[in-house]
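>>> build me a model:
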Amino acid sequence: MIQLLAFILTLNGMHILYRLSDKQLEKTKKSNWVWLTQHIKLAKLSCFVSLFVAGLLLMAQYGNSIGFISWWIFATPLIFGLILWINDVTSKPEPKRKPRQNI
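Numbers count the residues shown, from 1 in each chain. Got it, this is the predicted structure:
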């Protein structure tokens with residue numbers, strides 16, 4: 001149960017921090033997440049608290065060193081998955097090349 005709660009807290013914190021990043025801020029202002037942009041500092045603070053609590057939960061269950069490592073094990077694939085899920089990962093069309101002229 002603690003692992004699930006730590007997973008949810010980590011996912012929530014990473015997702016909102018990603019939405020409030022400089023590159024995504026304009027997209028966030030145009031989406032349903034516009035309420036996050038009204039209080040950016042408060043939202044970021046709540047995300048950091050969420051990540052801290054997730055780490056504390058895992059440290060309380062497994063001990064300090066193993067809890068910290070297990071938090072990173074939770075966080076790393078979540079960050080990668082969020083980036084793939086939110087970003088537009090389609091390939092850009094290649095520019096047309098001019099044909100070579102043989103002389």
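>>> show me the shaky parts of the protein.
Scanning the chain for pLDDT under 70 picks out 88-89, 91, 103.
>>> recalculate using a threshold of 80.
67-68, 70-75, 78-79, 82-103 (pLDDT under 80).
>>> tell me who's in contact with residue 59.
Applying C-beta atoms under 8 Å, 6 or more residues apart in numbering to residue 59 gives the contacts 67, 68, 71. Heads up, the C-betas are built off the backbone N, CA and C, glycines and all.
>>> residues in contact with residue 40?
residue 20.
>>> which SSE is it in?
Using DSSP states H and E, residue 40 falls within helix 40-62.
>>> same question, residue 18
Using DSSP H and E, residue 18 maps to helix 2-19.
>>> just the CA atoms of the helix or strand following that helix, as PDB, please.
Per DSSP H and E, helix 2-19 leads on to helix 25-29 as the next helix or strand towards the C-terminus. Extracted C-alpha coordinates of helix 25-29, given in PDB (Å, rounded to 0.1, in the frame of the first residue of the first chain):
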ATOM      1  CA  LEU A  25       4.100  26.500 -20.000                       C
ATOM      2  CA  GLU A  26       2.500  27.900 -23.200                       C
ATOM      3  CA  LYS A  27       0.800  24.600 -23.900                       C
ATOM      4  CA  THR A  28      -0.400  24.300 -20.300                       C
ATOM      5  CA  LYS A  29      -2.000  27.800 -20.500                       C
END
